[in-house]
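*Asks:* Please work out how this folds:
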Amino acid sequence: MALSILIFFFTRAIYSVIRHLQQNLLTSQIIAGMIMGRSLFAEKQSFYDKLFPPTAMLVLRTLGYFGFMIHIFGLSVNVNLSLFKGTGRKAVFIGLSGFMSSMGASFLSYVAIMLSPANALLQNSPSPPFGLPLFIIINSVSSFVAVASHLMNLKLINSELGNVAFSIAVVTDICGWMIAFVANLASSVQRNEDLALYAVAATVTYYLSLFFILKPIILWILRKTPKGKPMKESDVFAVVTIVLLVGFLGECCGQSASLSVFVFGLVLPDGPPLGLMLMQRFETIASGLLLPIFCTMCGLRINMYSLRRDSSPVIEVIIMMGYLGKFAGVLMSSLFAEMPFHDALPLALLLCCKGLVELSAYGLCKDIQVMTEEVFTLAMITMVVVTGILLPIVKYLYDPWKIYTPSHMQTILHSDDRGVLRILVCIHREENVPTMIDLLNASNPTRESPVCVFVLQLMELVGHRKAILAPQNVPTLNRSYSQCIVNAFTIFEKQNQDHVKVHHFMGIAPYATMHNDICSIAHDRRVNIVIVPFHKQWGGIDGRGVYASSHMNIKNVNKSVLKKAPCSVGVLIDRGTLKGGHESVLFSVAMLFLGGSVDDHEALAYSRRMAEHPNVKLLVIWIRTKEEDSNNQKLDVGMNEFDKEIIDDFLASAENKRNITYQESLVDDGAGTTGIARSLEDHVDLVLVGRHHELDAPATSGLAEWSESPELGAMGDMLATWDFRFSVLVVQQQQANSQGFPFSSQFPLQPLGSKVSYDSSKEESNLATYGVFPESETMPFR
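*Replies:* Sure thing, here's the model as predicted:
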């Protein structure tokens, strides 16, 4: 217990220092083991035995390997195996090229050294390094688990680079497994030809038992669990016991326990309830406590004093040739596959990085004595150094947002009144659906001006599985918990036949990078506005009180979307009031116009479109302030040329329309503005307001002093408080162009309904554009 506590705090202390250098937790754990082991603190064997008694080491290694097996099994259970069936030919080509080039470069250097005078340096060593061919094969693999872990740490797991890297890692993993199986069989034949047939029969019998005996038992346990209910304690114990049995039988049949557990997890149903149970029950103890012990134990086995002046440089050349071969093979094959250099370079660097699986493989080779202590030490040090250098370079080189930078205006204000309005609605849970559909109904879909709706269902990624962004009609993604959402929007589409077209997408990603999926679809489908739900779900009597607990992760997603979106954004504060009930009027909408902001212009453009609906009543209030000059004369504040132009254009279009009301209100400060907003209660269902306003604007003075949601702006934050009854849509116009300047400075203000033209043929194609692949496909890079 004392040693485990020491390991935990020591690794965390090192991580707190090196994380500023963009290093991950695995690196800190290996370094902690090196420092505590024979390389530094415990240089003398007597001191090492006192600090790490053999009995304690046995217990720690057992606990660490148990944590590693549960961690690997949890990762594999959360992998949807059918998604990898669509791995494209280009990904297979790049994966095979990287694997073969790495193995070829290492073997060529190995053969060259064996045939050169340098061979004497190896053979004259006290312990000649053998097992190098096996190490070369291991070093040629870019494991799926390692790639997933690095992408998660870099927050690129649902980026285009991440999707391509995942596909390539699967290819190299399969190659490594096949060669390892053949090598294991050849080794059995070499030791004893009579054992060869036994080894083959044992291996085949073992994997057949996984598929036809143990898998049905797990499925039977899962079927006993009621839908939506957690697994029983006895069932959890049974699952863990079966996992340990799989690892034990694998070792008995000559297979690695970790590989056996990983393969077993792949053949089981992915996701809940099994994957969710493992994450909830074992993620903290397995990944947070036991796995660091496993990694630190591997670091403890590094012995810097085993390195020799004569043989170590020769071995290091062979090791580095594998890394260089991998880099060159991936880079050249990516360029041959017409991948841009600025994407191929970080991809090649990323696939050279090693992780947990390689760490386990090195330790296994040392345990079965096919790898000497010298080779093991060099392999571990090289892995730490190379991975530690390359990962920060990948993060620096690859910016996923460059490809989402728009080259044209994607706003409602600059769209054609008689053109298609493209709206992306984001759904986190079923409660978001009714108000979203009501808002779409109010957006006035007609035959002359239809609405194209992209529904993106968002789910949190569990574990280090592959992130998903794919059309909802992909069979592997159709799940019962999302089908009701699809049905609701399908009914909405049928009710507005020829006026509305709905496309469904599913996005599964970590909350930290979920905005990447939103911005990807918004860019590729040239969306005019993205509607995201507010992180608080309001309800109760008259729409007051918190209906569901606030979700801070959703709040962070919204903040990132507001910062990165390539189009306009609307944050919908749902109080369940878009239900009609005003005699013949379906919706009563109010727009609070403060002026001085393009966000107000965008909100006014959206409200004007809503007013075209025959059953929508619109009230536009221009809130203006007056200040006293030295002569006590009144001066209008907050009026500028753009505001006057857009208001005049609105009034001209609203002339003789009885469902549109316009008024101007004069206030002194933010309190007056709040009073106007309160006067709308019980009279409107929805209020539109712009997000940004001038910081020193008198109409918003004092509103930001008690801010709870500053991402909504002063007005939006005030309207998001609990004591308002109506729903609110906070609108932000598209932020910046590819040069980083605000669009308002590049494009002159257009009258409402005018359209800025652009040549779509000049848009550069992306590395893996989600918006162009057929809906039957799930892999963007083919």
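*Asks:* S653 contacts R608, doesn't it?
*Replies:* Yes. Between S653 and R608 there is a contact at 6.8 Å, judged by Cβ atoms under 8 Å. (C-beta placed from N, C-alpha, C; glycine too.)
*Asks:* now the one helix or strand P434 maps to, how far from the centre of its chain.
*Replies:* Secondary structure assignment for P434, by DSSP states H and E: helix 433-442. Centre-to-centre, helix 433-442 and its host chain are 27 Å apart (Cα atoms, centre = their mean, to the nearest Å).
*Asks:* picking that back up, out of S653 and R608, which sits in the busier spot?
*Replies:* Shown here are S653 and R608; by other Cβ atoms under 10 Å, R608 has more neighbours (24 against 16).
*Asks:* and the more buried one, how far is that from V731?
*Replies:* 12 Å (Cβ to Cβ, to the nearest Å).
*Asks:* Could you list the low-pLDDT ranges of the stretch 551-700 of the chain?
*Replies:* Residues of the stretch 551-700 of the chain that meet the criterion pLDDT under 70 lie in 577-585, 626-640.
*Asks:* Would you map the helices across it?
*Replies:* Listed from the start of the chain, the stretch 551-700 of the chain has helices (DSSP state H, counting those that start in this stretch) covering 552-564, 598-611, 641-654, 670-678.
*Asks:* For the shortest one, name the packing helices and strands.
*Replies:* It refers to helix 670-678. Secondary structure elements in contact with helix 670-678, counted by 3 or more Cβ pairs under 8 Å, 6 or more residues apart in numbering; DSSP states H and E, are strand 587-593, strand 616-628, strand 660-667, helix 713-719.
*Asks:* and if we set it to 7 Å?
*Replies:* Contact partners of helix 670-678 among helices and strands, from 3 or more Cβ pairs under 7 Å, 6 or more residues apart in numbering; DSSP states H and E: strand 616-628, strand 660-667.
*Asks:* now the second one
*Replies:* Identification of packing neighbours for helix 598-611 by 3+ Cβ pairs under 7 Å, 6+ apart yields strand 587-593, strand 616-628, helix 641-654, strand 686-690, strand 727-732.
*Asks:* Can you give the distance of the third one from its chain's centre?
*Replies:* For helix 641-654, the distance from its own C-alpha centre to the chain's C-alpha centre is 42 Å (Cα atoms, centre = their mean).
*Asks:* Please identify the buried residues of it?
*Replies:* Buried residues in helix 641-654, counted by 16 or more other Cβ atoms under 10 Å: F642, D643, I646, I647, D649, F650, S653, A654.
*Asks:* That one relative to helix 598-611, how many degrees between them?
*Replies:* Angle between the axes of helix 641-654 and helix 598-611 is 0 degrees (criterion: axes from the mean of the first three to the mean of the last three Cα atoms, to 10 degrees).
*Asks:* Also the second one?
*Replies:* Between the axis of strand 616-628 and that of helix 598-611 there is an angle of 150 degrees, by the same axes, to 10 degrees.
*Asks:* Can you give me the buried ones in strand 616-628?
*Replies:* By neighbour count, with 16+ other Cβ under 10 Å as the criterion, the buried positions of strand 616-628 are V616, K617, L618, L619, V620, I621, W622, I623, R624, T625.
*Asks:* again, but for stretch 221-241
*Replies:* I221, L222, T225, M231, D235, V236, A238, V239, V240.
*Asks:* so how far does that stretch reach from one end to the other?
*Replies:* Stretch 221-241 stretches 13 Å from its first residue to its last (Cα to Cα, to the nearest Å).
*Asks:* tell me the mean pLDDT over it?
*Replies:* Averaging the model's pLDDT scores along stretch 221-241 yields 78.
*Asks:* how far does it sit from the chain's center?
*Replies:* Taking Cα atoms, centre = their mean, the mean C-alpha location of stretch 221-241 is offset from the chain mean by 29 Å.
*Asks:* returning to what we had before: which among the helices and strands packed on helix 598-611 is found nearest to D367?
*Replies:* Put simply, out of the helices and strands packed on helix 598-611 the one that sits nearest D367 is strand 727-732, at 57.6 Å, with distance taken as Cβ to Cβ.
*Asks:* Describe which strands that closest one pairs with in its sheet and in which direction.
*Replies:* Strand partners for strand 727-732, identified by DSSP bridges, are recorded as strand 568-573 (antiparallel), strand 686-690 (parallel).
*Asks:* picking that back up, distance to L6 added to the helices and strands packed on helix 598-611, as a markdown table?
*Replies:* Conversion of the helices and strands packed on helix 598-611 to a markdown table gives the following (distance: least, Cβ to Cβ, whole Å):
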| stretch | distance to L6 |
| --- | --- |
| strand 587-593 | 60 |
| strand 616-628 | 63 |
| helix 641-654 | 65 |
| strand 686-690 | 56 |
| strand 727-732 | 51 |
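*Asks:* Which of these sits closest to L324?
*Replies:* Of all the helices and strands packed on helix 598-611, strand 727-732 sits nearest to L324, with 47.3 Å by Cβ to Cβ.
*Asks:* picking that back up, out of the buried residues of stretch 221-241, which two sit at the greatest distance?
*Replies:* Taking Cβ to Cβ as the measure, the buried residues of stretch 221-241 reach their widest spread between T225 and V240, a distance of 15.2 Å.
*Asks:* Below-threshold pLDDT in the stretch 151-300 of the chain: ranges please.
*Replies:* Counting by pLDDT under 70, the ranges of the stretch 151-300 of the chain that qualify are 181, 183-196, 228-230, 270-283.
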